[in-house]
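K.L.:
pasting the sequence and the predicted model now:
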Amino acid sequence: MASDDLTIGSAQGPYDIDALATSADDLANSHLDLGSVLVPVVEGGQVTVEMTADHQPEAVYLVTPHGRINVTAFAAPKSPGLWREVVTELAESLRDEGARVSIEDGHWGREVVADVPGASHRFVGVDGPRWMIRCVASGPDTDAEELSRLARAVLAESVVRRGSDPYPPREPLPVVLPPVLAEQVAAAQQQMFAEGAEGIPEGLEPPPGLVDEEPAPPPSSGSAMQQFRNRNRN
């Protein structure tokens, strides 16, 4: 049920879309709609789309001058506490990969920080009603503080659209590209295929954004970011 007091721009998120009083038109003007999650677009930034082997969107990154930010929604049990489980597993996985890992207290609770030579990666998670949202901020270690501030601002205005479909706990909720972005991705892929190149379409221009603010290196291993979805689904 929507609350008259819960509106976009109040920095009280991440929000459940069913609890928001903000209209769909206002959301369309301020957010990038990715199906299961709507994220505020960073002013002056770009969007990078990561595709699966069968050409389906797997992850979308907001690229800023300080690094890149990914916001992903996951299915969760009715009882809260999934992020607390994930923190421990994620920290162990990152340490195994050679990162220097610390756990810090943030606005929503525990945050995982993984430092590798020249780069820093911050993982922030929040439990919601039958969902968990995770924000990953990756960038040069010299910009870590500014990127963390920006990532929290993005997360505080992100919206989760869980839907009623059943998903196992920890399953990433589907990413659906808006038509304009999907067309840009398809055109970029066709161009790369025509040129005999392989890779991910990058540097796509998003619509004007809500949050005021050089692509950053990815985490040391992509597996660390997704590690917890392969653990016990209970």
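P.N.:
Arrived safely, thanks for sending. Numbers count the residues shown, from 1 in each chain.
K.L.:
just want the most central residue of this structure.
P.N.:
By C-alpha atoms, centre = their mean, the chain has its centre lying nearest to Val71, at 1.1 Å.
K.L.:
you'd agree Tyr15 is up against Leu6?
P.N.:
Yes - look at Tyr15 against Leu6 with C-beta atoms under 8 Å: they come within range, at 6.5 Å. Backbone N, C-alpha and C define where each C-beta goes, glycine included.
K.L.:
higher neighbour count, the two?
P.N.:
Tyr15 (25 against 15; other C-beta atoms under 10 Å).
K.L.:
can you pull the phi/psi pair for His55?
P.N.:
His55 adopts backbone torsions of phi 70, psi 30, taken as degrees, to the nearest 10.
K.L.:
contact partners for it?
P.N.:
The neighbours of His55, taking C-beta atoms under 8 Å, 6 or more residues apart in numbering as the test, are Gln189.
K.L.:
that one and Glu43, how far apart?
P.N.:
30 Å (C-beta to C-beta, to the nearest Å).
K.L.:
and the residue nearest to the centre of the chain, how far from Val47?
P.N.:
12 Å.
K.L.:
which residues do these two both contact?
P.N.:
With C-beta under 8 Å, 6+ apart as the test, Val71 and Val47 both reach Leu62.
K.L.:
just the helices in this protein please.
P.N.:
Secondary structure of the chain by DSSP state H: the helices cover 24-30, 82-96, 144-156, 179-194, 222-226.
K.L.:
quick one: low-confidence parts of this structure?
P.N.:
Low-confidence segments of the chain (pLDDT under 70): 1-4, 196-234.
K.L.:
now do the strands in it.
P.N.:
Along the chain, the segments classed as strands by DSSP state E run 15-16, 31-33, 37-40, 46-51, 57-64, 67-75, 100-106, 109-116, 119-128, 131-140, 159-160.
K.L.:
out of those, which is closest to Glu183?
P.N.:
strand 46-51 (11.7 Å; C-beta to C-beta).
K.L.:
and the angle for the closest one with strand 67-75?
P.N.:
Orientation note: strand 46-51 sits at an angle of 50 degrees relative to strand 67-75 (axes from the mean of the first three to the mean of the last three C-alpha atoms, to 10 degrees).
K.L.:
I'd like to know which elements strand 46-51 is packed against.
P.N.:
For strand 46-51, the packing partners by 3 or more C-beta pairs under 8 Å, 6 or more residues apart in numbering; DSSP states H and E come out as strand 57-64, helix 179-194.
K.L.:
please identify which of the ones you listed is closest to Asp165.
P.N.:
Nearest to Asp165, of the helices and strands packed on strand 46-51 and by C-beta to C-beta, is strand 57-64 at 17.5 Å.
K.L.:
fine, thanks again, bye for now.
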